[in-house]
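A.B. asks: kindly return the folded structure for what I paste below:
(chains A and B)
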Amino acid sequence: MLSTSFSSALRADEAPASTGEQIYRDQCARCHGKSGEGVADGYPDPLAGDKSVVELTKLIHETMPDDADGKCPAEDSAKVAAYIFDAFYSPDARLKNKPARIELSRLTVRQHQNAVADLIASFHPPAAWGTERGLHAAYYNSRHFNQDKLKLERTDAEVNFDWGDSSPAPDKLEPKEFSVTWQGSLLAPDTGDYAFVVRTEHAVRLYVNDNAKPMIDAWVLSGDETEHHGELHLLGGRMYPIKLEFSRGKQGVNDKEKDKEKKKEFRPDAKTAISLEWKRPNHTLEVIASRSLSPAESPVVFVAQTRFPPDDRSTGYERATAISKSWDEATTECALETAAYVADHLQQLSGTTADADANEPILRKFYTLFDERAFRRPLTEDEQKFFIQHQFESAPDRLTGVKRCVLLALKSPQFLYREVGEKSDDAYAVAARLSFGLWDSLPDEELAKAAAHHELATREQVAAQLQRMLPDLRTKSKLRDFLLGWLKISQPRDLSKDPQTYPDFTPDAASDLRTSLELSLDELLGSNSGDYRQLLLSDSIWLNGRLAHIYGVDLPADAPFQKVDFEPDHRAGVLSHPYLLASFAYSGASSPIHRGVFLSRNILGRVLRPPAMAVAPLPAEVHANLSTRERVALQTQPEACQGCHGMINPLGFTMENFDAIGRYRERDKDHTIDATGSYLTETGAVEKFKGIKDLAEFVATSDESQTAFVKQLFHHTVKQSIYAYGPNELRQLQQHFAANDFNIQKLLVEIVADSARTNQDSTTKVTKETK
Amino acid sequence: MPTFTSRREFLRRLGLSSAALPFVLNLPSFGFAAEASAARRQRLIVMFSPNGVVPENFWPQGTGSEFVLKESTLPLEPFKNQSLFLHGISDKIRGDGDNHMRGIGCLLTGTELFPGNIQGGSDTPAGWSKGISIDQEIKNFLQANPQTRTRFGSLEFGVMVPDRADTWTRMSYAGPNKPLTPIDDPYQMFAKLYGRAKDEESLRSVLDDLQADFKKVEHVVSSEDRHLLEEHTTFVREMEQDLKANTPQNVGHAVPQLDPGVKEENDNIPRLSKLQTELLVSSFAADFARVATFQFTNSVGEAHMHWLDIKEGHHQLSHEPDTNIEAVEKLTRINQWYCEQLAYLAQRLADTPEPGGGGSLLDNTLIVWANELGKGNTHTMDNIPFVLVGGGLDFAMGRSLKFKKQPHNRLLLSLAHGFGHRIEKFGNPDYCGDGPLDQLT
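C.D. replies: Purely as a prediction, here's the structure:
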């Protein structure tokens, strides 16, 4: 304190022309610290961010000094801005001062759950989702599934039938006594709790991811129950076996002669109808659509039910560089659960038989494979003794030995952490980086084989593996997760709207609207040429009858989802999708601030600090004569707000043509909409927009937003700071993205290939020159 | 100030009508709240065997405390003074479903079955029961009070219950349309009771190796990252301490050792019965639950008792006419075998001291042995063979009582009242008018 006072005194006497550094030291450091690190009783937060020098200059000039009268002259502000930008404020400066490094990470929650599921699945036969949709159906002309009464086989797109008082095939099946099985696989798009509902007045059983124990057993009909429920926690991006059994007719003792005489039929007037429905996370109850069904068979997936504490997402992506006791406890629970599953299914998983003597070598082989897959590398002979033989020998009985082996493997740091077991430059490390990069899971057999044969040495070999891995459901799931996060809709959003103003916008409509957006993303991911620009500029949208009615498109009321052109003069791509516009809005009005924050943070990748103080939005009634735009401008007028709202508001205003449910409008009550806006780029240029189409065009084509996209995808994929991979990595990836038609899949491959060939102990690539 | 030995006496002297009981009983200030629990643990077991009995070889000769056991119930001789035979109790529930279905579905619920799609050998098709069963009613009553609450409240044991859920295989109901599945696999029951303790044992046994594993990888990571692994090893040490604090697992007795690998098949019924009995007794000793059901096969059960040199299935035999002397003799022996299981259960309870003193488990447990029918070949639901053993509900034991077609709802009420749960109606109220059975206490 003394020294700063002294130097300010000096400055008053002499040295009229100072450098930015001198001015900073004299006038700013007392509150912000010598290197902008912050001062506890001054301004505690470090001076770090992504504002341009122009923005910083303006900010300093208008708001500084905060603790004294007067303003920092414009000329001095510019000098200070230029100085701190280079010295410590900008991302580049920070990187220079403290180079990022690849940090030791545990598996993220998602990686842990996938790894456990795939570890068990690696002992099952593989399954393919295939291209055919729907379920395999077998119709029997009897109340039981007698093979000699099988009359009809076909693929049903979905299970949603009303045969009235007839039968599905009147020439083959008795209307009052027949049965059906529907069988195949179910694709769970997201990780979460799923509810299943079967509606029918007849006997029914539903099996999901368990071929022995039905999730719904309504073979006994009792009273007036015609709606049956079940629940299950599923991991997203995986296929699960599903089977539905249906029987029309009385169950129990079959005595037809007596039947005719005196026995009444249960529900004699019941119509023959059945529907199979589910409630996905973030959705309402709906008939399971054919796109989520496959007639292909698949093995049961082991889904551990242990709930983990969520990963830290404060830096914008799931990071796993910290641990907690509750996480450690969850890993223990998960290991116990897995051990119990392995013990219960040992014969099926390992191929042991009732002959105990023959089983020793079979079990040893099983556990060697188990541990090698869990640790992502071969075991030495000593390790086999330590992890397997020793466990069996010291266990009182075989079953205890079986459980101990699983516990020790799944609690081992070599399973729980990335990159601790393997030597970081060997092929097994590369294989693990490829699989965790693309799938968030363990390497498969092919990758392990490639590593064993030293076939992951060149960039071409790595790229070939990645091409093979790209069509896997798990890659799609990871990219889908990324896009949902990029669009800020991975977490459930409240889309309830004012029923007075929007009577048709029911929870079911909101659920459909999310489906509409998901279909666009799935379409993009289904091809191998997902184009970032297409995502932002597309003219079409997926709508069904219900949504078409709300958004003024001409479709029959019961129309299924289909792609239609949608207001091409007013809209462009995903940013104008009604689901996003409705998500970032109030129940009865648009919210330029929510929309602007979303655009700034997610789409343009800018850093925003939390508001300086908590502010409740001005109620519309207080300024009834103002438009939404005017009201927002009024409320965020103070200088303290403008540091961020100077960016947020003019971005959010470009979406003002859309109301709280994302319908196009030209008037906001009595006001003509003004949807003009602007953005001051990181390089200090001012971009002006007239509405969302202009903004979308800018986002699709500007280096800055493309780079933001690349950076976010890198972090989502690799879970490490991109700056740990060299100062040029981000720029090079952005150039690669541009040179390859902004193909998202190719970008993903490039990211994984790059990062997989980078060792933790050096920031240089293994053989960058072969690129 | 006079002292009252029980709440009932206290209330009687106050002259309170039974209508006021529910209000009075909810008042904690009466000081008798824990009467039934703090004083002693009361327990109930309902054991079920199917297809009726041969009455003349089942019901004792004589009434009151002077009675002679017949062939089917001879195994109860050692427990004669702790037994109570209740002849003349009828399951009067009618409505949908054949007698086998109603026999088991209404046995503990005292109410009708819903109409449904399950067709029996006669009568109309039916579904599940319309009400909660008495074991679950009592369990809920005990669980609502912190003094009588236990880990599970109730446990549903079975022996060779067919792997299908229908009206014939379910006896306990958590509520209307909510049948409970008995666990007939002793290993599954063991895992439910003791799985956690076993898990912790396994976990404890790998901890040293796990710490060695951490040591090995520590030197592989950079000094900057080592703190993460060091933090992790402290968690491992903490887990070790937590596990130590839990040793020995607080189950109040040694964890029972089960013979491994007893498969669920007909000829293993005797072994399965023994294993389940062991688990039932030890779960009571550990106070995991105070209510249990123990269901042999199912209504219409078709056990083939080869170990008694009987080839035919039980249900098939039970349809034979009384003139078939051989069948009658076999059915008498089948029921004798079930009675042996009852006597063994009673013996194991009698052998096990009540934890915390006060006699044996049998002194504080009432076993109710029941059946879905009175007699197999007539399918009558009159004279359901209700045999009670043990001192759990303070009934006056060592007697053979004859009633005249009393609805079994009254017996169900007696069981509730025996726990201090003084409900006035249970199941179909038409059969509850006279309240709990007379003469039991």
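A.B. asks: which part of the stretch 101-250 of chain B gets nearest to chain A, residue-wise?
C.D. replies: Nearest residue of the stretch 101-250 of chain B to chain A (Cβ to the nearest Cβ) works out as B:Gly127 at 2.3 Å. For every residue, glycine as well, the C-beta is placed using N, CA and C.
A.B. asks: pretty sure that residue sits against A:Ala218.
C.D. replies: No: contact status for B:Gly127 versus A:Ala218: not in contact, 9.7 Å apart, counting by Cβ atoms under 8 Å.
A.B. asks: secondary structure class for the residue of the stretch 101-250 of chain B closest to chain A?
C.D. replies: Three-state assignment for B:Gly127 (DSSP: H, G, I helix; E, B strand; the rest coil): strand.
A.B. asks: could you list every residue that touches it?
C.D. replies: Contact analysis of B:Gly127 by Cβ atoms under 8 Å, 6 or more residues apart in numbering or on different chains lists A:220-223, B:96, B:113-118, B:167, B:177.
A.B. asks: now do the contacts for the closest residue to chain A within the stretch 251-400 of chain B.
C.D. replies: Using Cβ to the nearest Cβ, the single residue of the stretch 251-400 of chain B nearest to chain A is B:Pro260, 7.5 Å away. Contacts for B:Pro260 (Cβ under 8 Å, 6+ apart) come out as A:Asp397, A:Leu399.
A.B. asks: how near is it to A:Ala510?
C.D. replies: 55 Å (Cβ to Cβ, to the nearest Å).
A.B. asks: what about the residue of the stretch 251-400 of chain B closest to chain A, helix or strand, and which?
C.D. replies: For B:Pro260, there is no enclosing helix or strand under DSSP states H and E.
A.B. asks: what's the answer for the one 3 residues further on, then?
C.D. replies: Under the assignment given by DSSP H and E, B:Lys263 is not contained in any helix or strand.
A.B. asks: around chain B, which positions in the stretch 51-200 of chain A sit nearby?
C.D. replies: For the stretch 51-200 of chain A, the residues in contact with chain B (Cβ under 8 Å from any Cβ of the partner chain) are A:Arg101, A:Glu103, A:Leu104, A:Arg106.
A.B. asks: give me the phi and psi angles of the residue of the stretch 501-650 of chain A found nearest chain B.
C.D. replies: Proximity of the stretch 501-650 of chain A to chain B (Cβ to the nearest Cβ) peaks at A:Val607, 25.4 Å away. Phi and psi for A:Val607, reported as degrees, to the nearest 10, are phi -90, psi 130.
A.B. asks: quick one: contacts for it?
C.D. replies: Residues in contact with A:Val607 (Cβ under 8 Å, 6+ apart) are A:Gly49, A:Asp50, A:Arg601.
A.B. asks: including neighbour count and secondary structure, could those go into JSON lines?
C.D. replies: Formatted as JSON lines, the contacts of A:Val607 follow (neighbours: other Cβ atoms under 10 Å in any protein chain shown; DSSP: H, G, I helix; E, B strand; the rest coil):
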{"residue": "A:Gly49", "neighbour count": "19", "secondary structure": "coil"}
{"residue": "A:Asp50", "neighbour count": "16", "secondary structure": "coil"}
{"residue": "A:Arg601", "neighbour count": "16", "secondary structure": "helix"}
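A.B. asks: looking at those, which gets the smallest pLDDT?
C.D. replies: Least confident by pLDDT among the contacts of A:Val607: that is A:Asp50, with 81.
A.B. asks: quick check: closest non-adjacent residue to that residue.
C.D. replies: For A:Asp50, ignoring the flanking residues on the chain, the nearest one in space by Cβ to Cβ, 6 or more residues apart in numbering or on different chains is A:Val607 at 5.0 Å.
A.B. asks: tell me the SS of the residue most central in space within chain B?
C.D. replies: Central residue of chain B (Cα atoms, centre = their mean): B:Thr293, 2.1 Å from the mean position. Classification of B:Thr293 by three-state DSSP places it in strand.
A.B. asks: let me see the ranges of the strands in chain B.
C.D. replies: Taking DSSP state E to define them, one finds strands in chain B at B:43-48, B:83-90, B:113-119, B:126-129, B:153-159, B:173-175, B:178-179, B:289-296, B:365-370, B:386-389, B:399-407.
A.B. asks: among these, which is the most enclosed?
C.D. replies: strand B:126-129 (a mean of 30; mean count of other Cβ atoms under 10 Å in any protein chain shown).
A.B. asks: now do it, average pLDDT.
C.D. replies: Across strand B:126-129, the average pLDDT comes to 93.
A.B. asks: paired strands for it, with orientation please.
C.D. replies: Strand B:126-129 has its sheet partners listed here by DSSP bridges as strand B:113-119 (antiparallel).
A.B. asks: alpha carbons of the strand it pairs with, as CSV, please.
C.D. replies: The C-alpha trace of strand B:113-119 is given here as CSV (Å, rounded to 0.1, in the frame of the first residue of the first chain):
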residue,chain,number,x,y,z
LEU,B,113,-60.8,-61.8,-5.6
PHE,B,114,-61.2,-59.3,-8.4
PRO,B,115,-62.8,-60.5,-11.6
GLY,B,116,-60.0,-61.4,-13.9
ASN,B,117,-58.8,-63.7,-16.7
ILE,B,118,-57.5,-66.6,-14.8
GLN,B,119,-59.8,-69.6,-15.3
